[in-house]
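Colleague: Just the structure for this:
(chains A and B)
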Amino acid sequence: MAYDKFNILKSTAIPLPIENVDTDQIIPARFLKATERKGFGDNLFRDWRYNTDGTPKTDFVLNNPRYSGKILVGGKNFGSGSSREHAAWAIYDYGVRCVVSSFFADIFKNNSLNIGVLPVTVSPEFLAEIYKAIDADPNTELEVNLPDQTITLLATGEKETFAIDGYKKHNMLNGFDDIDYLQAMKNEIRSFATQMVH
Amino acid sequence: MSNTPKTLFDKVWDAHVVKSIQDGPDVFFIDRHFIHEVTSPVAFLGLKNRNVPVMFPDKTFATADHNTPTINQHLPVEDPLSANQLKALEENAAKHGISHWGLGNPKNGIVHVVGPENGITLPGMTVVCGDSHTSTHGAFGAIAFGIGTSEVEMVLSSQCIMQSKAKKMRINVNGKLGKGVTAKDVALFIISQITASGATGYFVEYAGEVFETMSMEGRMTVCNLSIESGARGGMIAPDETTFAYLKGKEKAPKGDAWDTALEYWKTLKTDDGAQFDKELNYNADEIEPQITYGTNPGLGTGITKNIPFAAAVKDGEASYKKSLAYMGFAEGEKIIGKKVDYVFLGSCTNGRIEDFRAFATIVKGRKKADNITAWLVPGSHVVEQQIKEEGILDIITAAGFQLRQPGCSACLAMNDDKIPAGKYAVSTSNRNFEGRQGPGSRTLLASPFVAAAAAVTGVVTDPRDLL
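Modeller: Below you'll find the model as predicted:
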């Protein structure tokens, strides 16, 4: 599914300073029953965000009017657990285009890149700086610059570079996806398949 | 041919690279693709929108498992959303010529149970599925891991995905496991030592006497839980145990093809001198029956131990305290003797025949505790049949338990098998995340022995006292 190109994103950020946020929290299994990809944002962090009667839990960050933005800042080992791409869909559908953490789970990171959510890995120290800045001023902005591979705390100018491989970066900048790339390789893949053992 | 010593992982990986993209991932060929009702519908929708066919329908296998009921499977599925996903799987499989073992089919069961038991998974293969516990199939010396739905669409349309090669870790466990210590305990022990993210970025090879002497069922349990330490997957070199398990399985090679395959499979082991990015060593006598007390699988310990204090845990203090608060536990408390409400035996982790044998060993001649609701869910109809044939059904029935029908069930509670809010479940499944087994549910992960001990005593009990 096509996604919007990603270039430079300047936004306030939503702080979620919790470690090991697993994909069951991002989107609980009971909300995985759709056969189409739409509406997952409504159930993003469902059980942290709402009481069982559907009323909002006021102490959860997504229900706090002080915090909003297109960047989510999570703790270490963000996106662990289930491979459900629905977790990345829910984040994208909610309006978040970039997740920042000091450490991502592998499958979540792949899924995010495949659907147009940019995972940005920063040092634990810079992550702490970001939390501190948002805490001091919820309107503080971050700039995520994909061409330069930098993330900057605009209030102080502090910045870090982040890693992304050239192929994935090119895809994100242009809104390209792997499926089209592989379709263009079909003949090569067919010929490769003929020499496989199994 | 280069003479550089290679790891098992290198050998299988390198044989499947169609092309390496410069400053990018490898175009990686997939031998076996499993699909189920939850993570495949959007991928098929993608194929339809792009108007592309399935490239190799005979390399994909469909089974319904995630949201299927575990009682009255002969009746229509009541939940309209689940019914809709099951119908979509059936229709998509039929339309594209993909094998489909739906509800009611005698081959139906959990994808990671039915794949191996029918000989679909073989050594040296690459195996993927839109499910993180695909790592299970690594028990056969395959590279197996979970993928997202975009990647499911890639495999359907091109039999390839884009993957960067992971770093390599070897975990050696030598010695002999003590009484009542199972494959599940070995896996939970490793995760508790390295944390839930300790193997992120790595592909793990399990080696040493403990795995060499382990059954295929046990190896599947260990590899299944690789993802719970963050690993992309785990694998064990195929050996005589592997070959004996596979010989005669329906989809395993036969006759000359078997001999040819066997010759190749015997080359699938790590060469002397091959390099790993990280190597860990443990001894079997360090491992006692394990149980988790927190909300990620790394928060586990020996069953006789106390819940650690925050200072002794690698997770951040705030996250650890949040975890214990959710569980209703306090630092320093004993775990043995904690009251249990539910017991779940099953899942792709512990839903195989060996797990039911273990459970029966303990409950034989005893009675289910009155305060316990127990859900015993075989991983497949084949397992269900074995349970009946081996007399296990008689033993568990006499002890006051009932056997349900196959499926993922309370492991992720997509069907009606939900642990109620605030209740404690000793579960043989793989995840103790908040709400995993139902909103508000509290999960203690453990082996089938520990589950059985809780089921007959009503509290967390050291199974060695009952063996």
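
Colleague: Longest strand in the chain, please.
Modeller: Here I'm looking at chain A. If you go by DSSP state E, chain A has its longest strand at strand A:8-16.

Colleague: That was the other one, I meant chain B.
Modeller: Counting by DSSP E, the longest strand found in chain B is strand B:167-174.

Colleague: SS state for the closest residue to chain A within chain B?
Modeller: Per CB to the nearest CB, B:Gly24 is where chain B lies closest to chain A, at 2.6 Å. Where you see a C-beta, it was placed from the backbone N, CA and C, and this is true even at glycine. Three-state call for B:Gly24 (DSSP: H, G, I helix; E, B strand; the rest coil): coil.

Colleague: Just list the residues touching the nearest residue to B:His100 once chain neighbours are set aside, thanks.
Modeller: Spatial nearest neighbour of B:His100, excluding adjacent residues (CB to CB, 6 or more residues apart in numbering or on different chains): B:Ala93 at 3.6 Å. Shown in contact with B:Ala93 (CB atoms under 8 Å, 6 or more residues apart in numbering or on different chains): B:35, B:62, B:99-100.

Colleague: On the C-terminal side of whichever strand or helix holds B:Ala93, identify the next helix or strand.
Modeller: Secondary structure assignment for B:Ala93, by DSSP states H and E: helix B:80-96. Sequence order places strand B:99-101 as the next helix or strand after helix B:80-96, per DSSP H and E.

Colleague: contacting residues around that following strand?
Modeller: Contacts with strand B:99-101, where a contact means CB under 8 Å, 6+ apart, come from B:58, B:60-64, B:89-90, B:93-94, B:107-109, B:114.

Colleague: shaky segments in the stretch 151-300 of chain B?
Modeller: Counting by pLDDT under 70, the stretch 151-300 of chain B shows no low-confidence range.

Colleague: Spell out which parts of it neighbour chain A.
Modeller: For the stretch 151-300 of chain B, the residues found near chain A under the criterion CB under 8 Å from any CB of the partner chain are B:151, B:153-154, B:157-164, B:166, B:196-197, B:200-201, B:227, B:230, B:232, B:261, B:264, B:296, B:298.

Colleague: ok, now with 7 Å
Modeller: B:151, B:153-154, B:157-160, B:162, B:164, B:196-197, B:200-201, B:230, B:232, B:264, B:296 (CB under 7 Å from any CB of the partner chain).

Colleague: Please narrow these to those residing in helices.
Modeller: Counting by DSSP state H, those place B:151, B:153-154, B:157-158, B:264 in helices.

Colleague: want to throw those residues into TSV with neighbour count?
Modeller: Putting those into TSV (neighbours: other CB atoms under 10 Å in any protein chain shown) gives the following:
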residue	neighbour count
B:Glu151	29
B:Glu153	30
B:Met154	29
B:Ser157	21
B:Ser158	26
B:Tyr264	14
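
Colleague: Nearest residue to the middle of chain A?
Modeller: Centroid check for chain A by CA atoms, centre = their mean gives A:Val99 as the closest residue, at 3.9 Å.

Colleague: before we move on, which element is the closest residue to chain B within chain A in?
Modeller: At 2.6 Å from chain B, A:Tyr167 is the closest residue in chain A, using CB to the nearest CB. Assigned by DSSP H and E, A:Tyr167 belongs to helix A:166-174.

Colleague: And that helix, how far out from the chain middle?
Modeller: 15 Å (CA atoms, centre = their mean, to the nearest Å).

Colleague: what does that helix rub up against?
Modeller: With CB atoms under 7 Å, 6 or more residues apart in numbering or on different chains as the test, helix A:166-174 has contacts from A:5-7, A:113, A:116, A:118, A:146-147, A:177, B:21, B:23-25.

Colleague: Quick check: bridge partners of residue 145?
Modeller: Because you didn't say which chain, this covers chain A. A:Ile8, A:Thr150 (DSSP bridges).

Colleague: let's do chain B instead
Modeller: Residues in a beta bridge with B:Phe145, per DSSP bridges, are B:Val128.

Colleague: Repeat that for A:Thr121.
Modeller: As for beta bridges, A:Thr121 partners with A:Ser101 under DSSP bridges.

Colleague: residue contacts, it?
Modeller: A:101-104, A:162-163.

Colleague: Then B:Ala43?
Modeller: So B:Ala43 contacts B:149, B:152-153, B:156 (CB under 7 Å, 6+ apart).

Colleague: Do the lengthiest helix in chain A and chain B come into contact?
Modeller: Counting by DSSP H, the longest helix found in chain A is helix A:124-136. No. Figure legend: helix A:124-136 not in contact with chain B (CB under 7 Å from any CB); closest approach 10.1 Å.

Colleague: Would you mind pulling up the elements that that helix packs against?
Modeller: Helix A:124-136 sits against strand A:8-16, strand A:150-153, with contacts defined as 3 or more CB pairs under 7 Å, 6 or more residues apart in numbering or on different chains; DSSP states H and E.

Colleague: can you tell me which of those strands comes nearest to B:Val456?
Modeller: Among the helices and strands packed on helix A:124-136, strand A:8-16 comes nearest to B:Val456, with 41.8 Å by CB to CB.

Colleague: Let me know the pLDDT of the closest residue to the residue nearest to the centre of chain A other than its chain neighbours.
Modeller: In this structure, A:Val99 finds its nearest non-sequential neighbour in A:Leu72, 4.9 Å apart by CB to CB, 6+ apart. pLDDT for A:Leu72: 98.

Colleague: and if you look at B:Met1?
Modeller: You'll see B:Met1 listed with a pLDDT of 50.

Colleague: who wins for most neighbours among the contacts of helix A:166-174?
Modeller: Within those, neighbour counts (other CB atoms under 10 Å in any protein chain shown) peak at A:Leu113, which reaches 25 neighbours.
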